[in-house]
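# One predicted model, sequence on top.
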Amino acid sequence: DMGPTSSRSKNEVFNSAKRLEKETAAAYSCFFAAVLVDVASKIFNDGQDHQSEQQPLWADLKDMATSKEKNEDISGLKNKEPLEMYAIAAVSIVPNLVTQATRFATVNSISGKDLIFQIICCGRVWENHSMQEQSNTYVDDLCERAAFLWGYMSSSMGLSPPALQYTWDQLVRSAFLLLLEGFSKVPNCSTEGRSLMSMDLATLSHGLIPETVQAEVEDDYPMISPPPKACREEMMRYVDTFIKVFYFPNQDIIDWIKENSGDYHLDHSLSLATSKAAGSKNKRFMTHGKKSVIDIYNQMK
């Protein structure tokens, strides 16, 4: 049995949870390093300012010893600006660095590549012209995996509450973005297939509701609190909008991409213009649409 609740699968998710916790903690250590750099810069600058006020440069040109000390002061003042600029640059880049590192860690923890592969491998399911009554199994597995990750991290006390909440937010965000990435790589999809995508999306959204997550792992982690609401509703709307654009007429798709190009990746927008949906897109539109989308994104540079 290789389902998400099997002992073998739980052991694999357990290892993923431990790795996610360690990688997140390592990413957050960058904040501590940035604080040290910032404090060191301020101490250095304050010390140089104080020293220059106490010992004006070249106060006695005949005193060679004093002259030597002043040369050292000049060297310090020359280095002041580069150090301050370095500190500012280091501190300013840390938030983005932590975000990207945490995002990569969360994607790995939910087996992002495998998830996208499973979405693509649904194949015929997306092309069917009959309505499906249930969502695909991959999304159920994803919800259970995310719940177990929360259960482990919230019970291990390895992360501070702010770091834990931020990690969960990035985990939720990654789950929705992986769904979007997988949907965008489906080359042929019927109207019923789009409806199934919406069903999968709704299943994911429901599975990440705090109370649902807590109930999912209450047997393994009975003492944990539910996760924060995070960005679930925001990401639900983000992916849902992408799915609904497939129903638009051809020109409306291009117009929508032009208005929203800053919010979606080029590859995602290209899939809107080139995917064959229920025979509604001919080859001429696909060729013209691809060129139009690329031109739109080139104009943003």
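It's in. Residues are numbered from 1 along each chain as shown.

# for V98, phi and psi?
When quoted as degrees, to the nearest 10, the phi and psi of V98 stand at phi -70, psi -40.

# so what's it closest to, chain neighbours aside?
Excluding the flanking residues, the one nearest V98 by CB to CB, 6 or more residues apart in numbering is A27, at 4.8 Å. For glycine as for every other residue, the C-beta is placed from the backbone atoms N, C-alpha and C.

# just V239 next, same as before
Spatial nearest neighbour of V239, excluding adjacent residues (CB to CB, 6+ apart): L180 at 4.9 Å.

# what's the neighbour count on the residue nearest to V98?
Using other CB atoms under 10 Å, A27 has 23 neighbouring residues.

# So it sits against T102, correct?
Yes - with contact defined as CB atoms under 8 Å, A27 counts as touching T102 (5.3 Å).

# Show me where the stretch 151-300 of the chain has its helices.
For the stretch 151-300 of the chain, applying DSSP state H, counting those that start in this stretch gives helices covering 161-184, 191-207, 210-216, 232-245, 250-260, 266-274, 283-300.

# how about JSON lines for these, with mean neighbour count and distance to R145 added?
Written out in JSON lines, the entries for the helices of the stretch 151-300 of the chain read as follows (neighbours: other CB atoms under 10 Å; distance: least, CB to CB, whole Å):
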{"stretch": "helix 161-184", "mean neighbour count": "21", "distance to R145": "9"}
{"stretch": "helix 191-207", "mean neighbour count": "19", "distance to R145": "10"}
{"stretch": "helix 210-216", "mean neighbour count": "17", "distance to R145": "10"}
{"stretch": "helix 232-245", "mean neighbour count": "17", "distance to R145": "16"}
{"stretch": "helix 250-260", "mean neighbour count": "16", "distance to R145": "30"}
{"stretch": "helix 266-274", "mean neighbour count": "19", "distance to R145": "24"}
{"stretch": "helix 283-300", "mean neighbour count": "14", "distance to R145": "33"}
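
# In CSV: those helices, plus mean pLDDT and distance to C143.
Formatted as CSV, the entries for the helices of the stretch 151-300 of the chain read as follows, by pLDDT from 0 to 100; distance: least, CB to CB, whole Å:
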stretch, mean pLDDT, distance to C143
helix 161-184, 95, 8
helix 191-207, 95, 3
helix 210-216, 96, 7
helix 232-245, 96, 12
helix 250-260, 92, 28
helix 266-274, 91, 23
helix 283-300, 84, 32
